[in-house]
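Student: One predicted model, sequence on top.
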Amino acid sequence: MPDALDSTPYDALLLLSFGGPEGPDDVVPFLENVTRGRGIPKERLKEVGQHYFLFGGVSPINAQNRALLDALRKDFADHGLDLPVYWGNRNWAPYLTDTLREMAADGRRHVLVLATSAYASYSGCRQYRENLADALGTLRDEGVDVPKVDKLRHYFNHPGFLEPMVEGVLDSLADLPEDVRDGAHLAFTTHSIPTSAADTSGPAEDHGDGGAYVAQHLDVARFVADAVRERTGVDRPWQLVYQSRSGAPHIPWLEPDICDHLEERHAAGVPAVVMVPIGFVSDHMEVLYDLDTEATAKAGELGLPVRRSATVGADPRFAGAVRELVLERAAAERGLPVTPCALGALGASHDVCPVGCCPARAPRPAAAGADSPYA
Ligand SMILES: CC1=C(CCC(=O)O)c2cc3nc(cc4[nH]c(cc5[nH]c(cc1n2)c(C)c5CCC(=O)O)c(CCC(=O)O)c4C)C(CCC(=O)O)=C3C
Ligand SMILES: [Fe+2]
């Protein structure tokens, strides 16, 4: 038996995710939950509904989260970390509010949250913090003595997140026909967001255009491209591109789109492209539809060989990274000196989102940050 690891003051970990439909009847109510008050055009919703129906109305995200829960519980048990792990979602069962109610009933008093988004941005960070504030508010109104809630820092540059990605690209390259392998370019992809949301993402530091969202993705892309070059001895051009744009067409979102990028690379005579979905923690519908279905069909029309590299998912190295992040944060909360683990050029991100971090268009209470109304 390994020596017991100390995660005090925390007495539980909460995996906080997006949620997704688990059958055809779930699709429309799920989309209504996602888009409540968000002004997404009806046409776009119909289209996205079709993406889900194409896969029997089942999003892959819940199965991915169940696998991650198993991986986390196994890793914690193997390493002597006695910390229960719960799961709650923003948009589908198990709903966050229900999970937090259960946690309170189980006597959990100080909860650490792992969100399934590795980067800064309103959609990937503050919106989850708003969901936490909503859930805590609901429970407080019910008379529940709510636990204290903190959120783990952005983990985009943790070795346990980066290493499986590097390996995924190597596997994809190996899977390409030999005659196009060395000439292949790397297209790192992430979720497009409005440029206004990107520019204001993260704390108000000087990250330039695109804010912390673009800076963090560029840091990951550069790190992975460098590691792949070192391990293959081939220097491959790379670019950060975007996918899954929604919203009204007149509002600027991050570009170029992956499909336009593939067209442009093909026209420039590039023999193959590996699409690397660095923006997604697991195989979400965005990966299965926008990359594996739409972009792959586009490449097929062009006659351009493409591969899509694996997401991190429930990789044991990622589970280990979560354990390290938990222990690091717990030690910091206990006032011990810690050297946060991070690769790349940006360094470890803040533990606690400062006031105004990743602002919403319409300000709402957000928990687990310096501006939380729940101490
Ligand atoms: C940055 C980002 C992430 C990554 C961070 C994170 O993981 O949290 C993410 C994840 C996800 N987004 C998802 C699904 C959807 N996102 C939508 C809409 C939007 N996403 C946005 C951004 C992001 N989204 C934005 C700016 C919008 C526009 C409207 C708004 O400002 O809210 C819509 C509405 C239809 C549409 O417009 O496409 C759907 C259905 C799913 C589940 C997939 C599955 O089922 O596997 C996941 C993991
Ligand atoms: Fe989304």
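Tutor: Noted; the coordinates are in hand. Ligands and ions are numbered 1, 2, ... in the order given.
Student: okay, CA-based contacts and neighbour counts for the rest of this
Tutor: OK.
Student: count of neighbours near the closest residue to ligand 1 within the stretch 51-200 of the chain?
Tutor: Closest residue of the stretch 51-200 of the chain to ligand 1, Cα to the nearest ligand atom: residue 124 (4.1 Å). By the criterion of other Cα atoms under 10 Å, residue 124 has 21 neighbours.
Student: Wait, it touches residue 130, no?
Tutor: No: using Cα atoms under 8 Å, residue 124 makes no contact with residue 130, being 11.1 Å away.
Student: Please give me every residue in contact with the closest residue to residue 90 other than its chain neighbours.
Tutor: Closest residue to residue 90 apart from its sequence neighbours, by Cα to Cα, 6 or more residues apart in numbering: residue 18 at 5.0 Å. Neighbouring residues of residue 18 by Cα atoms under 8 Å, 6 or more residues apart in numbering: 61, 89-92, 116.
Student: Can you lay out these as a markdown table showing secondary structure, pLDDT and neighbour count?
Tutor: Formatted as a markdown table, these follow (DSSP: H, G, I helix; E, B strand; the rest coil; pLDDT from 0 to 100; neighbours: other Cα atoms under 10 Å):
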| residue | secondary structure | pLDDT | neighbour count |
| --- | --- | --- | --- |
| 61 | helix | 98 | 21 |
| 89 | strand | 98 | 24 |
| 90 | coil | 97 | 22 |
| 91 | coil | 97 | 21 |
| 92 | coil | 98 | 21 |
| 116 | coil | 98 | 21 |
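Student: low-confidence ranges in this protein?
Tutor: For the chain, the stretches with pLDDT under 70 are 1-2, 375.
Student: Give me every residue in it that's in contact range of ligand 1.
Tutor: Residues of the chain lying close to ligand 1 by Cα under 6 Å from any ligand atom are 18, 20, 31, 34-35, 38, 40, 45, 48, 59-61, 116-117, 123-124, 191, 193, 246-247, 284-286.
Student: Take those and keep only those in helices.
Tutor: Among the residues of the chain next to ligand 1, DSSP state H puts 31, 34-35, 45, 48, 61, 285 in helices.
Student: Distance to residue 27 added to the contacts of residue 18, as CSV?
Tutor: Compiled in CSV, the contacts of residue 18 are given as follows (distance: Cα to Cα, whole Å):
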residue, distance to residue 27
61, 13
89, 15
90, 15
91, 11
92, 10
116, 21
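Student: what's the farthest-apart pair in those?
Tutor: 92 and 116 (14.4 Å; Cα to Cα).
Student: Strands along this protein, start to end?
Tutor: Under the criterion DSSP state E, the chain contains strands at 12-17, 85-89, 110-115, 148-151, 185-191, 238-243, 273-276, 306-308.
Student: would you turn the ones you listed into TSV with distance to residue 100?
Tutor: Converted to TSV, these look like this (distance: least, Cα to Cα, whole Å):
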stretch	distance to residue 100
strand 12-17	9
strand 85-89	8
strand 110-115	9
strand 148-151	10
strand 185-191	28
strand 238-243	33
strand 273-276	34
strand 306-308	36
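Student: taking the ones you listed together, which one is wrapped up most tightly?
Tutor: Of all those, strand 273-276 has the most neighbours on average by mean count of other Cα atoms under 10 Å, namely a mean of 26.
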